[in-house]
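Asks: Mind looking at a prediction? Sequence and model below.
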2 protein chains.
Amino acid sequence: MNVKEYTNQLQNFGYRLTTPRTEILKVLSTTKPLSTKEVFAFLKKNGSQVDIVTTYRTLELFEKLGFIRKIQLEDKTSRYELIGASHHHHLVCMKCKNIEDVQVEEGLLLNQIKKQSRFRVEKHALEFFGICGNCQRL
Amino acid sequence: MNVKEYTNQLQNFGYRLTTPRTEILKVLSTTKPLSTKEVFAFLKKNGSQVDIVTTYRTLELFEKLGFIRKIQLEDKTSRYELIGASHHHHLVCMKCKNIEDVQVEEGLLLNQIKKQSRFRVEKHALEFFGICGNCQRL
DNA sequence: TTATTATTGCAATTAAGTTGCAAATTGTCA
DNA sequence: TGACAATTTGCAACTTAATTGCAATAATAA
(Lines give C-alpha, C1' and ligand atoms only; values in the text may rest on other atoms or scores of the structure.)
Protein backbone atom coordinates (compact mmCIF):
# COMPACT_ATOMS: atom_id res chain seq x y z
CA MET A 1 0.00 0.00 0.00
CA ASN A 2 1.32 3.44 -0.89
CA VAL A 3 0.36 6.81 0.55
CA LYS A 4 -2.35 7.37 -2.05
CA GLU A 5 -4.10 4.13 -1.14
CA TYR A 6 -4.08 5.00 2.54
CA THR A 7 -5.53 8.45 1.96
CA ASN A 8 -8.30 6.88 -0.11
CA GLN A 9 -9.00 4.41 2.67
CA LEU A 10 -9.15 7.30 5.10
CA GLN A 11 -11.90 8.96 3.08
CA ASN A 12 -13.74 5.70 2.55
CA PHE A 13 -13.95 5.39 6.31
CA GLY A 14 -15.45 8.89 6.44
CA TYR A 15 -12.43 10.67 7.84
CA ARG A 16 -11.22 13.93 6.34
CA LEU A 17 -8.09 14.14 4.29
CA THR A 18 -5.99 16.79 5.98
CA THR A 19 -2.46 18.10 5.60
CA PRO A 20 -1.22 16.58 8.88
CA ARG A 21 -2.61 13.18 7.97
CA THR A 22 -1.03 13.17 4.52
CA GLU A 23 2.30 14.37 5.87
CA ILE A 24 2.39 11.78 8.61
CA LEU A 25 1.60 9.00 6.16
CA LYS A 26 4.48 10.18 4.01
CA VAL A 27 6.88 10.05 6.95
CA LEU A 28 5.74 6.59 7.97
CA SER A 29 6.10 5.23 4.45
CA THR A 30 9.74 6.17 4.16
CA THR A 31 11.18 4.79 7.39
CA LYS A 32 11.58 2.12 10.03
CA PRO A 33 9.42 2.00 13.19
CA LEU A 34 9.29 5.46 14.76
CA SER A 35 8.16 6.90 18.06
CA THR A 36 5.69 9.79 18.09
CA LYS A 37 8.54 12.15 18.92
CA GLU A 38 10.54 10.86 16.00
CA VAL A 39 7.63 11.23 13.59
CA PHE A 40 7.19 14.76 14.87
CA ALA A 41 10.90 15.53 14.42
CA PHE A 42 10.73 14.26 10.84
CA LEU A 43 7.77 16.49 10.10
CA LYS A 44 9.54 19.54 11.48
CA LYS A 45 12.70 18.82 9.57
CA ASN A 46 10.66 18.79 6.38
CA GLY A 47 9.16 22.17 7.18
CA SER A 48 5.79 20.94 8.41
CA GLN A 49 3.83 22.97 10.97
CA VAL A 50 2.03 20.00 12.47
CA ASP A 51 1.70 19.97 16.25
CA ILE A 52 2.90 17.06 18.36
CA VAL A 53 -0.56 16.54 19.84
CA THR A 54 -1.92 16.08 16.34
CA THR A 55 0.86 13.60 15.73
CA TYR A 56 -0.23 11.62 18.78
CA ARG A 57 -3.85 11.71 17.71
CA THR A 58 -3.14 10.83 14.11
CA LEU A 59 -0.98 7.84 14.98
CA GLU A 60 -3.71 6.67 17.33
CA LEU A 61 -6.24 6.95 14.51
CA PHE A 62 -4.03 5.15 12.00
CA GLU A 63 -3.57 2.32 14.48
CA LYS A 64 -7.32 2.07 14.97
CA LEU A 65 -7.83 1.92 11.21
CA GLY A 66 -5.20 -0.78 10.90
CA PHE A 67 -2.76 1.31 8.85
CA ILE A 68 -0.01 1.01 11.40
CA ARG A 69 1.04 -1.34 14.15
CA LYS A 70 2.12 -0.25 17.61
CA ILE A 71 5.18 -1.98 19.02
CA GLN A 72 6.73 -1.81 22.48
CA LEU A 73 10.48 -2.27 22.60
CA GLU A 74 12.55 -2.01 25.75
CA ASP A 75 11.57 1.49 26.85
CA LYS A 76 8.28 3.11 27.72
CA THR A 77 7.78 4.87 24.39
CA SER A 78 5.59 3.25 21.76
CA ARG A 79 6.79 2.91 18.21
CA TYR A 80 4.72 2.66 15.05
CA GLU A 81 5.29 1.08 11.66
CA LEU A 82 3.18 0.76 8.54
CA ILE A 83 1.57 -2.62 8.23
CA GLY A 84 3.08 -3.90 5.00
CA ALA A 85 2.23 -6.99 3.07
CA SER A 86 4.39 -9.36 5.05
CA HIS A 87 4.22 -10.26 8.70
CA HIS A 88 7.67 -9.83 10.18
CA HIS A 89 9.55 -9.16 13.40
CA HIS A 90 12.51 -7.03 14.45
CA LEU A 91 16.15 -7.38 15.27
CA VAL A 92 16.91 -4.39 17.49
CA CYS A 93 20.59 -3.56 17.88
CA MET A 94 21.32 -2.65 21.49
CA LYS A 95 24.36 -0.66 20.38
CA CYS A 96 23.41 1.44 17.37
CA LYS A 97 19.62 1.12 17.91
CA ASN A 98 19.10 0.20 14.27
CA ILE A 99 16.14 -2.04 13.48
CA GLU A 100 16.30 -4.88 10.95
CA ASP A 101 13.28 -6.80 9.77
CA VAL A 102 13.27 -10.56 10.03
CA GLN A 103 10.92 -13.28 8.91
CA VAL A 104 10.26 -16.22 11.20
CA GLU A 105 7.85 -19.11 11.00
CA GLU A 106 5.82 -19.03 14.19
CA GLY A 107 3.14 -21.58 13.42
CA LEU A 108 4.94 -24.06 15.62
CA LEU A 109 4.76 -21.78 18.64
CA LEU A 110 1.02 -21.44 18.29
CA ASN A 111 0.67 -25.20 18.14
CA GLN A 112 2.69 -25.59 21.29
CA ILE A 113 0.45 -23.12 23.06
CA LYS A 114 -2.67 -24.93 21.95
CA LYS A 115 -1.34 -28.04 23.64
CA GLN A 116 -0.78 -26.26 26.93
CA SER A 117 -3.76 -23.97 27.34
CA ARG A 118 -7.26 -23.08 26.23
CA PHE A 119 -5.99 -19.56 25.57
CA ARG A 120 -7.01 -18.15 22.16
CA VAL A 121 -4.10 -16.13 20.77
CA GLU A 122 -5.18 -13.01 18.89
CA LYS A 123 -1.79 -11.43 18.35
CA HIS A 124 1.74 -11.57 19.64
CA ALA A 125 4.81 -9.46 20.16
CA LEU A 126 8.17 -10.89 19.20
CA GLU A 127 11.29 -8.76 19.29
CA PHE A 128 14.92 -9.79 19.30
CA PHE A 129 17.61 -7.73 20.99
CA GLY A 130 21.31 -8.09 20.35
CA ILE A 131 24.21 -6.78 18.29
CA CYS A 132 23.90 -6.22 14.57
CA GLY A 133 26.50 -7.41 12.04
CA ASN A 134 28.00 -3.96 11.70
CA CYS A 135 28.48 -3.33 15.40
CA GLN A 136 30.07 -6.74 15.90
CA ARG A 137 32.96 -5.70 13.66
CA LEU A 138 33.68 -2.49 15.57
CA MET B 1 15.39 -19.70 44.56
CA ASN B 2 13.46 -18.59 47.62
CA VAL B 3 13.53 -15.27 49.44
CA LYS B 4 16.30 -16.42 51.77
CA GLU B 5 18.59 -17.28 48.90
CA TYR B 6 18.04 -13.91 47.27
CA THR B 7 18.80 -12.01 50.46
CA ASN B 8 22.01 -14.01 50.83
CA GLN B 9 22.96 -13.18 47.26
CA LEU B 10 22.28 -9.55 47.99
CA GLN B 11 24.79 -9.58 50.84
CA ASN B 12 27.31 -11.56 48.83
CA PHE B 13 27.24 -8.78 46.28
CA GLY B 14 27.95 -6.30 49.07
CA TYR B 15 24.51 -4.76 49.27
CA ARG B 16 22.81 -4.23 52.58
CA LEU B 17 19.89 -6.30 53.69
CA THR B 18 17.13 -3.83 54.48
CA THR B 19 13.47 -4.04 55.35
CA PRO B 20 12.27 -2.67 51.99
CA ARG B 21 14.41 -5.13 50.07
CA THR B 22 13.19 -8.12 52.03
CA GLU B 23 9.59 -7.03 51.78
CA ILE B 24 9.78 -6.48 48.05
CA LEU B 25 11.35 -9.89 47.51
CA LYS B 26 8.50 -11.41 49.46
CA VAL B 27 5.92 -9.70 47.27
CA LEU B 28 7.66 -10.74 44.07
CA SER B 29 7.93 -14.35 45.17
CA THR B 30 4.21 -14.75 45.69
CA THR B 31 2.79 -13.34 42.46
CA LYS B 32 2.69 -12.97 38.71
CA PRO B 33 4.54 -10.16 36.87
CA LEU B 34 3.82 -6.86 38.60
CA SER B 35 4.31 -3.20 37.76
CA THR B 36 6.12 -0.96 40.24
CA LYS B 37 2.78 0.54 41.24
CA GLU B 38 1.37 -2.90 41.87
CA VAL B 39 4.33 -3.98 43.97
CA PHE B 40 3.93 -0.78 45.94
CA ALA B 41 0.21 -1.41 46.42
CA PHE B 42 0.93 -4.90 47.71
CA LEU B 43 3.43 -3.56 50.22
CA LYS B 44 0.97 -1.02 51.51
CA LYS B 45 -1.80 -3.56 51.82
CA ASN B 46 0.49 -5.66 54.00
CA GLY B 47 1.17 -2.70 56.27
CA SER B 48 4.59 -1.82 54.91
CA GLN B 49 5.85 1.77 55.11
CA VAL B 50 8.08 1.51 52.05
CA ASP B 51 8.06 4.50 49.71
CA ILE B 52 7.29 4.16 46.01
CA VAL B 53 10.64 5.69 45.07
CA THR B 54 12.37 2.96 47.03
CA THR B 55 10.24 0.44 45.20
CA TYR B 56 11.43 1.86 41.87
CA ARG B 57 15.04 1.79 42.99
CA THR B 58 14.86 -1.67 44.47
CA LEU B 59 13.30 -3.20 41.39
CA GLU B 60 15.98 -1.53 39.30
CA LEU B 61 18.65 -3.06 41.56
CA PHE B 62 17.10 -6.52 41.47
CA GLU B 63 17.01 -6.36 37.71
CA LYS B 64 20.68 -5.37 37.60
CA LEU B 65 21.54 -8.29 39.88
CA GLY B 66 19.58 -10.68 37.70
CA PHE B 67 16.95 -11.51 40.33
CA ILE B 68 14.09 -10.26 38.20
CA ARG B 69 13.30 -9.71 34.56
CA LYS B 70 11.69 -6.58 33.14
CA ILE B 71 8.95 -7.15 30.60
CA GLN B 72 7.06 -4.70 28.41
CA LEU B 73 3.51 -5.64 27.60
CA GLU B 74 1.13 -3.47 25.61
CA ASP B 75 1.25 -0.33 27.71
CA LYS B 76 4.03 1.98 28.75
CA THR B 77 4.47 0.56 32.24
CA SER B 78 7.21 -1.99 32.86
CA ARG B 79 6.44 -5.19 34.71
CA TYR B 80 8.80 -7.38 36.71
CA GLU B 81 8.89 -11.07 37.53
CA LEU B 82 11.29 -13.26 39.45
CA ILE B 83 13.59 -15.19 37.19
CA GLY B 84 12.65 -18.75 38.03
CA ALA B 85 14.27 -21.96 36.94
CA SER B 86 12.51 -22.22 33.62
CA HIS B 87 12.54 -19.89 30.66
CA HIS B 88 8.95 -19.16 29.72
CA HIS B 89 6.68 -16.64 28.05
CA HIS B 90 3.26 -15.16 28.76
CA LEU B 91 -0.29 -15.45 27.62
CA VAL B 92 -1.86 -12.11 28.47
CA CYS B 93 -5.64 -12.04 28.51
CA MET B 94 -6.90 -8.84 26.90
CA LYS B 95 -10.15 -9.12 28.80
CA CYS B 96 -9.35 -10.02 32.43
CA LYS B 97 -5.67 -9.02 32.23
CA ASN B 98 -4.61 -12.30 33.80
CA ILE B 99 -1.20 -13.66 32.86
CA GLU B 100 -0.53 -17.35 32.21
CA ASP B 101 2.90 -18.82 31.76
CA VAL B 102 3.64 -20.84 28.68
CA GLN B 103 6.60 -22.88 27.48
CA VAL B 104 7.62 -22.71 23.84
CA GLU B 105 10.57 -24.11 21.94
CA GLU B 106 12.22 -21.17 20.25
CA GLY B 107 15.43 -22.76 19.00
CA LEU B 108 13.96 -22.88 15.54
CA LEU B 109 13.37 -19.15 15.45
CA LEU B 110 16.99 -18.46 16.27
CA ASN B 111 18.11 -20.75 13.47
CA GLN B 112 15.89 -18.95 11.02
CA ILE B 113 17.42 -15.64 12.05
CA LYS B 114 20.94 -16.95 11.62
CA LYS B 115 20.10 -17.75 8.02
CA GLN B 116 18.85 -14.24 7.32
CA SER B 117 21.26 -11.96 9.15
CA ARG B 118 24.63 -11.60 10.87
CA PHE B 119 22.73 -10.27 13.89
CA ARG B 120 23.79 -11.87 17.20
CA VAL B 121 20.69 -12.33 19.36
CA GLU B 122 21.30 -11.71 23.06
CA LYS B 123 17.74 -11.86 24.29
CA HIS B 124 14.19 -11.66 23.05
CA ALA B 125 10.72 -10.62 24.08
CA LEU B 126 7.83 -12.88 23.24
CA GLU B 127 4.34 -12.18 24.52
CA PHE B 128 1.02 -13.51 23.36
CA PHE B 129 -2.19 -11.52 23.64
CA GLY B 130 -5.66 -12.96 23.39
CA ILE B 131 -8.55 -14.35 25.39
CA CYS B 132 -8.01 -16.85 28.16
CA GLY B 133 -10.05 -20.04 28.55
CA ASN B 134 -12.19 -18.56 31.30
CA CYS B 135 -13.16 -15.41 29.45
CA GLN B 136 -14.04 -17.39 26.32
CA ARG B 137 -16.86 -19.08 28.22
CA LEU B 138 -18.41 -15.84 29.43
C1' DT C 1 -19.78 29.90 -1.66
C1' DT C 2 -21.56 28.93 2.51
C1' DA C 3 -22.72 26.07 6.40
C1' DT C 4 -21.87 22.21 9.10
C1' DT C 5 -18.90 19.37 11.43
C1' DA C 6 -14.48 17.22 11.90
C1' DT C 7 -9.95 18.39 12.96
C1' DT C 8 -6.23 21.04 14.74
C1' DG C 9 -3.30 23.68 17.98
C1' DC C 10 -2.57 25.52 22.34
C1' DA C 11 -2.44 25.25 27.27
C1' DA C 12 -3.09 22.65 31.08
C1' DT C 13 -3.13 18.08 33.15
C1' DT C 14 -2.08 13.20 34.14
C1' DA C 15 0.94 9.35 34.83
C1' DA C 16 5.39 6.88 34.97
C1' DG C 17 9.69 7.34 36.22
C1' DT C 18 14.02 10.00 37.84
C1' DT C 19 17.07 12.98 40.64
C1' DG C 20 19.10 15.61 44.67
C1' DC C 21 19.73 15.71 49.21
C1' DA C 22 19.12 15.43 54.21
C1' DA C 23 17.85 11.97 57.60
C1' DA C 24 17.77 7.22 58.94
C1' DT C 25 19.55 2.56 58.91
C1' DT C 26 22.97 -1.06 58.22
C1' DG C 27 27.22 -3.48 58.81
C1' DT C 28 31.86 -3.20 60.83
C1' DC C 29 35.31 -2.65 64.06
C1' DA C 30 36.98 -1.29 68.46
C1' DT D 1 27.74 -3.15 73.06
C1' DG D 2 28.53 1.40 71.06
C1' DA D 3 30.00 4.46 67.69
C1' DC D 4 31.61 5.39 63.10
C1' DA D 5 31.37 5.34 58.09
C1' DA D 6 28.86 4.44 54.23
C1' DT D 7 24.81 2.83 52.14
C1' DT D 8 20.00 3.30 51.77
C1' DT D 9 15.69 5.59 52.35
C1' DG D 10 11.98 9.09 52.03
C1' DC D 11 10.50 13.43 50.66
C1' DA D 12 10.04 17.05 47.34
C1' DA D 13 10.89 18.61 43.03
C1' DC D 14 11.55 17.50 38.31
C1' DT D 15 11.42 15.15 33.70
C1' DT D 16 9.25 12.85 29.91
C1' DA D 17 5.41 10.57 27.43
C1' DA D 18 0.91 10.88 26.72
C1' DT D 19 -3.96 12.77 27.37
C1' DT D 20 -7.78 16.13 27.71
C1' DG D 21 -10.70 20.44 27.11
C1' DC D 22 -11.76 23.91 24.29
C1' DA D 23 -11.66 27.67 21.03
C1' DA D 24 -10.00 28.49 16.35
C1' DT D 25 -9.40 26.51 11.86
C1' DA D 26 -10.09 23.73 7.78
C1' DA D 27 -12.48 20.12 4.92
C1' DT D 28 -16.49 18.42 2.74
C1' DA D 29 -21.47 18.53 1.24
C1' DA D 30 -25.12 21.20 -0.42
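Replies: Received, thanks.
Asks: show me where pLDDT drops low in chain A?
Replies: Low-confidence segments of chain A, defined by pLDDT under 70: A:85.
Asks: Contact residues of it facing DNA strand D?
Replies: Contacts of chain A with DNA strand D, taken as C-beta under 7 Å from any atom of the strand, map to A:11, A:16-19, A:35-37, A:53, A:56-57, A:60, A:76-78. For the C-beta atoms, the positions are set from N, CA and C on the backbone; glycine is no exception.
Asks: can you tell me which residues contact residue A:132?
Replies: Taking C-beta atoms under 8 Å, 6 or more residues apart in numbering or on different chains as the contact definition, residue A:132 lies against A:91, A:93, A:95, A:96, A:98, A:100, B:117, B:118, B:119.
Asks: Are any of these buried, and if so which?
Replies: The neighbour-count criterion (16 or more other C-beta atoms under 10 Å in any protein chain shown) marks A:91, A:93, A:100, B:117, B:119 among the contacts of residue A:132 as buried.
Asks: could those be laid out in a markdown table, adding distance to residue A:24 and secondary structure?
Replies: As requested, the buried ones among the contacts of residue A:132 are exported to a markdown table (distance: C-beta to C-beta, whole Å; DSSP: H, G, I helix; E, B strand; the rest coil):
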| residue | distance to residue A:24 | secondary structure |
| --- | --- | --- |
| A:91 | 26 | strand |
| A:93 | 26 | strand |
| A:100 | 24 | strand |
| B:117 | 30 | coil |
| B:119 | 30 | coil |
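Asks: got the residue ranges for the helices in chain A?
Replies: In chain A, the segments counted as helices under DSSP state H are A:3-12, A:19-29, A:36-45, A:52-64, A:107-116, A:133-137.
Asks: Would you confirm that residue A:73 contacts residue A:80?
Replies: No. In this structure residue A:73 lies outside contact range of residue A:80 using C-beta atoms under 8 Å: 11.7 Å.
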